[in-house]
Each structure stands twice: as structure tokens, then as C-alpha cells.
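>>> I'll drop the sequence and a predicted model, then ask my questions.
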Amino acid sequence: MIQQHLHSIISASRSSSSLILTMAPQSLLLSLLLLWSLLSTVCCSPMCNNQCCHFVEGFPVRLKKLREDYSQIRDFYEANDDLDTALLDQSVEDSFKSPFACHAMNSILDFYLSTVLPTAMAGVTDDTKDLKPPIESIQLIFDQLKRDIITCRNYFACKKQFDIKNLNSTYTQMNSKGPYKAMGELDLLFNYIETYLASKRHRNGEATV
């Protein structure tokens, strides 16, 4: 595939060589920069041969959408979160940097899907109905992520060690403030997931599904 791309680019550059020679220096420079950009794209793009590699490499697109959705609701939840206790604390961050990160991510996504996001949806009123579409979008993306993580557990070499009980206990102790805390810390969760999946990029399908 790369050879075909390179052959096409080189053939095109040869056929237009007479035109390039007559170009002004600025036009010539722009043409060379464009050619270099095309070559870099072809040569440096990861070659994925399974769906898990595609999932990891394509995650930045989902992450961008998550952050766009969250930017629409963040102020509301942070304004209603008056607790000093962190929910996604240092132990959670450390878990995302450990060999058990895959299981940690799966457990926390399940926690948000089964507890936090449904509670947030139930708390939407006529006055806060603008919160509903972004929450639904985040819920959908989280559900897709969880399915992909389960499908790709061999790709990530998932190890089960992370215990969600402590996080659940802390959340329960926060009572009615729990959902505001959990929703207000979504940006932290996005960062943890981003860091973990970024560490798995450019493996070019070394592991199989």
C-alpha cells in the first residue's frame, strides 16, 4: 500500500517537474512542502491490521467529542460540587498507569454507565434540559468504549486487580452530592483514559483480538 502511494506521488512529481522548474521560489517552496507533507502522511501513518489497533488509533476523535460535550455541562456540575474529597483520586490515576489499567478503565466506565450518568439524567429538569443531549452523547461514547475494551482485552493484556469497591463507597458517602462530584471530575477521567490509550498506540497490531 505504501509503495503504491509513493509510486503515485513520485510519478505525479516527475510529470510536473518541468512546471516546477519554472515556478517562482515561493511557489516552489510551497510545492515542496506539500510533497513532503504527503510523503510524511503515507510513511508515518500506523499500519493497523485489526480492529483493536484501529480503536486505539481512532480514540482521539472520540476524545475530542467527549470534551466538546463535557464543555457544555462542566460549569453546572462544578458549580454544584462543594465537596473537598476527590472521587477520582490519586489511587485511580495510579491504576491507569499500572498493568491493571485496562480493568480499571472497564470498571470505572461501568460505574459511570450504571450509576453516575443515569443519576445525572434523572436529575435533569425543565430548567436544565440543555444538559440532556451532552450527557446522552457521553453515555453513548462510554458504552462504545466499554464494548471495545472488552473486545480488545487480549490486545491490552488485561489483568484483573483494580477494585471498584472503594470508589463506590466514597461515592455513596457523598449522598446527593455524589453525582455532582462524579460529573465534575469527568475531565480527569478523560485524561486518564487518554494517557493509557496513548501508551498503546503505534503497536501496529502486534497483539490480536
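That came through, no problem. Numbers count the residues shown, from 1 in each chain.

>>> excluding its backbone neighbours, what's nearest the most centrally placed residue in the chain?
The centroid of the chain falls nearest to L63 when counting by C-alpha atoms, centre = their mean (3.6 Å). Closest residue in space to L63, ignoring its immediate chain neighbours: E194 at 5.6 Å, by C-beta to C-beta, 6 or more residues apart in numbering. From N, CA and C alone the C-beta is placed, and that goes for glycine too.

>>> next, work out how far apart the one you found and H54 are.
E194 sits 17 Å away from H54, going by C-beta to C-beta, to the nearest Å.

>>> and if you look at L113?
Counting by C-beta to C-beta, the gap from L113 to H54 is 23 Å.

>>> was I right about L109 contacting R147?
No. Shown here, L109 and R147 do not form a contact pair, counting by C-beta atoms under 8 Å, at 9.7 Å.

>>> of these two, who's got more company?
Set side by side, L109 and R147 show more neighbours around L109, with 21 against 12, by other C-beta atoms under 10 Å.

>>> what helix or strand does that one sit in?
Element membership of L109 [criterion: DSSP states H and E] is helix 101-111.

>>> near the residue nearest to F162 when sequence neighbours are not counted, how many other residues are there?
Of all residues not flanking F162 in the chain, A104 sits nearest, at 3.9 Å (C-beta to C-beta, 6+ apart). Look at A104: counted by other C-beta under 10 Å, it has 28 neighbours.

>>> alright, calling it a day.
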